[in-house]
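Participant: Give the three-dimensional model of this entry:
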Amino acid sequence: MTPQTLLDHLDQGRLWPAPLTKDPHFGLDEAYARQLEVRQLRMARGEQPRGFKVGFTNRTIWPRYNVFAPIWGTVWNTTLTLCEGEGTVSLARTCQPRLEPETVFGMKAPPAPDATLDRLFEAIDWVAPGFEVVQSHLPDWKFLPADTVADGALHVRLLVGRRTPVRELADSALALDALLARASVSLHLGEQQVDQGLGANVLDSPLRALLDFVSTLRACPGAPELQAGDVVTTGTWTDAWPVQPGEHWSARFSSSLDGLSVRFVD
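Facilitator: Reported below is the predicted structural model:
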């Protein structure tokens, strides 16, 4: 499929006719190149990048999806919603949507070259809870890693809750790393708990997932730089759960993290 065909399927919420990896020569390098071509098409029609999503950082679900390393994609002004703890998200033109509770970082500066955790901490403005809605354009969520990358890293919506200045949570990278690693989340559909997870599931902590992403992004040919003002959502703490219009979901985080709830509409 061409970049325009991929974008058409994205716009219409329509399944692909076949995996891109049906071609045995289509690997991750080709997939990121294709994703970046779709990014250019979206920018050319007026959409504005607002940051990045990092996916498959939760090692506990790797075997379930047959993906064994993180991936990344773009978050857009058309896919990002900010709220103060409760929001509404449309599922219109999504394809097999699922929900993930995550930690989101806001950047106040580009990370330093060869960033350490300490230097990365200095580049962070705020931390927030997030709900990412992910999707798959292949039936029953059956894919290979290169398919997910070319599919925009499965990103379709991002709801970001109350943003807390990073230094209100922790005074150092070490303290923030420990805070997020030991935190837990319970995910609820209505009043029923459906899953629970740990910050440590996400490459040992969301801060470490962010650090891994910084080096991965810089190693990708043609990829944009992380900028001041960008948001980065760092991967689900639980499994990804199917959602549909009319449902109300909430995430209850332990420690100093705020909760978040979302109502889905058509």
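Participant: residue ranges of the strands in the stretch 51-200 of the chain, please?
Facilitator: 71-76, 80-82, 86-90, 98-107, 124-134, 155-160, 164-165, 184-189, 192-198 (DSSP state E, counting those that start in this stretch).
Participant: what is the mean pLDDT for the fifth one?
Facilitator: On average, the pLDDT along strand 124-134 is 98.
Participant: is it possible to export the strands of the stretch 51-200 of the chain to a markdown table including mean neighbour count?
Facilitator: Yep, even glycine has a C-beta here, placed from its N, CA and C like the rest. Below are these laid out as a markdown table (neighbours: other CB atoms under 10 Å):
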| stretch | mean neighbour count |
| --- | --- |
| strand 71-76 | 23 |
| strand 80-82 | 16 |
| strand 86-90 | 16 |
| strand 98-107 | 25 |
| strand 124-134 | 24 |
| strand 155-160 | 25 |
| strand 164-165 | 14 |
| strand 184-189 | 19 |
| strand 192-198 | 15 |
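Participant: Out of the ones you listed, which is closest to residue 216?
Facilitator: strand 71-76 (6.6 Å; CB to CB).
Participant: which residues touch that closest one?
Facilitator: The contact list for strand 71-76, computed with CB atoms under 8 Å, 6 or more residues apart in numbering, reads 35, 39, 42, 47-56, 145, 148-149, 152-155, 158, 213, 216-217, 231, 233.
Participant: give me that answer again for 6 Å
Facilitator: 39, 47, 49-56, 148-149, 152-153, 155, 158, 213 (CB atoms under 6 Å, 6 or more residues apart in numbering).
Participant: got it, and stretch 106-123?
Facilitator: 125, 126, 173, 211, 214, 225, 226, 227, 228, 230, 231.
Participant: Just the buried positions in it, please.
Facilitator: 106, 107, 111, 115, 117, 120, 121, 123 (16 or more other CB atoms under 10 Å).
Participant: ok, the closest residue to residue 261 other than its chain neighbours - how many residues close by?
Facilitator: Spatially, and ignoring its direct neighbours in sequence, residue 261 is nearest to residue 250 (3.9 Å; CB to CB, 6 or more residues apart in numbering). By the criterion of other CB atoms under 10 Å, residue 250 has 20 neighbours.
Participant: Residue 40 too?
Facilitator: 10.
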